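**Q** quick one, fold the following:
(one chain, ligands or ions: 1)
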Amino acid sequence: MRLCDKEVTPIGLGTWGMGGGFWTPDYSNDEAYVEAIRYAYERGLRLFDTAEMYGGGHTEELVGRALRGVQDEVLIISKVWPNHLRHDDLIRSAINSRARLGIKAIDLYLIHWPSTEVPIIESIRAMEELIERGVIRCMGVSNFDVRLLEEAMAAARKYEVVADEVEYSIYHREPERDLIPFARRNNVTIIAYSPLGKGSVARDRRLVEIAGRYGATPVQVALSYLKRSSIPIPKASRREHIDEIAGALRLELSDDDYEAIRKGL
Ligand SMILES: NC(=O)c1ccc[n+]([C@@H]2O[C@H](COP(=O)([O-])OP(=O)(O)OC[C@H]3O[C@@H](n4cnc5c(N)ncnc54)[C@H](OP(=O)(O)O)[C@@H]3O)[C@@H](O)[C@H]2O)c1
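**A** Okay, the predicted model is just below:
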């Protein structure tokens with residue numbers, strides 16, 4: 001599938017927690033995280049999600065290090081935190097993120113959360129300027145409901161809002177009601193965060209029977225379910241977890257099994 005003029009995989013990798021937490025870097029495990037991200041690339045993943053807030057920017061540095069030399073083959077997403085949504089702040093944030101990632105342009109740049117203080121039009125203008133200047137390649141939003149997404153789309157003059165990154169998992173199905181149908185009609189890609197319910201899916205007995213029919217695991221079934229209408233971005237740092245996620249890239253559920261999950265869970 002294509003996003004921002006690049007071929008991407010239907011599943012990506014999240015990076016929250018790698019290299020620190022909420023605006024706080026942690027340098028103690030850098031090598032392991034760089035290796036994990038690189039391993040995800042080697043196993044075929046081609047979309048990577050990060051943000052300026054993750055580890056106060058350090059996570060972006062790790063993503064950049066891990067993907068050095070292959071940036072043209074992957075799509076890198078970063079996000080601007082709501083305290084930087086004023087025009088000048090947003091421009092500065094994107095330039096700083098690009099530098100930490102060490103890339104020519106951020107493929108997809110998202111407004112991480114909506115703000116009640118800064119008018120959306122101001123942030124969208126700044127985003128469009130960043131595209132014109134070649135700092136980012138395309139723009140989107142995160143945690144926007146249908147009303148806010150419509151507002152962002154209406155504010156865009158020259159470029160499209162191409163994606164909305166929201167929580168979507170078998171435990172959090174709310175996007176299926178309005179957001180996913182709206183996004184589909186308007187060519188907006190839904191990116192599904194926390195798609196494993198922060199790891200709970202692996203212990204979910206309800207998916208075991210379906211998984212058994214495919215010689216797959218509950219994690220793979222859950223990701224396959226989500227990838228029908230979104231790009232899930234599970235975070236994984238352990239090799240066996242990354243293997244399991246990569247194993248879901250080509251898993252297609254039958255319509256019956258898809259419906260059974262949709263109706264039954
Ligand atoms: N836009 C937003 O506001 C927003 C909010 C939250 C998250 N996100 C993005 O979405 C990404 C994913 O969400 P998330 O990190 O909250 O949760 P998640 O992907 O649902 O779960 C991550 C957890 O699942 C574990 N895991 C991964 N693969 C597994 C497997 N095969 N079996 C068992 N456990 C497995 C990971 O362990 P290991 O690390 O030990 O492998 C990690 O503890 C984030 O990293 C971030 O990039 C965005």
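**Q** for the residue nearest to Ala126 when sequence neighbours are not counted, phi and psi?
**A** The shortest distance from Ala126 to any residue other than its chain neighbours is 4.1 Å, reached at Leu90 (CB to CB, 6 or more residues apart in numbering). Backbone N, C-alpha and C define where each C-beta goes, glycine included. Comment: the main-chain dihedrals of Leu90 come out as phi -60, psi -40, following degrees, to the nearest 10.
**Q** doesn't Ser123 make contact with Leu90?
**A** Yes: applying CB atoms under 8 Å as the test, Leu90 and Ser123 come out as touching, 5.8 Å apart.
**Q** overlap in contacts, the two.
**A** Contact criterion CB atoms under 8 Å, 6 or more residues apart in numbering; residues bridging Leu90 and Ser123 by contacting each: Val80.
**Q** up against the ligand, what does the stretch 151-265 of the chain have?
**A** Proximity of the stretch 151-265 of the chain to the ligand (CB under 6 Å from any ligand atom) is limited to residues 165, 193-199, 202, 219, 233-238, 241, 244-245.
**Q** hmm, try it at 5 Å
**A** 165, 193-194, 196, 198-199, 202, 219, 233-238, 241, 244 (CB under 5 Å from any ligand atom).
**Q** which ones among these map onto strands?
**A** Glu165, Tyr193 (DSSP state E).
**Q** state the pair within the residues of the stretch 151-265 of the chain next to the ligand that is farthest apart.
**A** Glu165 and Arg238 (23.4 Å; CB to CB).
**Q** ok, these two, which is more surrounded?
**A** Neighbours of Glu165 and Arg238, each counted by other CB atoms under 10 Å, are more numerous for Glu165; the result is 27 against 11.
**Q** in contact with Val63, which residues?
**A** If you count contacts by CB under 8 Å, 6+ apart, Val63 has them with Thr15, Ile37, Phe48, Thr50, Ile76, Leu101.
**Q** give me the residue from the stretch 1-150 of the chain nearest the ligand.
**A** For the stretch 1-150 of the chain and the ligand, the shortest gap (CB to the nearest ligand atom) falls at Gly14, measuring 2.3 Å.
**Q** how about that residue: what's its closest non-neighbour residue?
**A** In space, not counting the residues next to it along the chain, Gly14 is nearest to Lys235; the distance is 3.5 Å by CB to CB, 6+ apart.
**Q** wait, the one you found sits on Tyr33?
**A** No: Lys235 sits out of contact with Tyr33 when judged by CB under 8 Å, with a separation of 10.6 Å.
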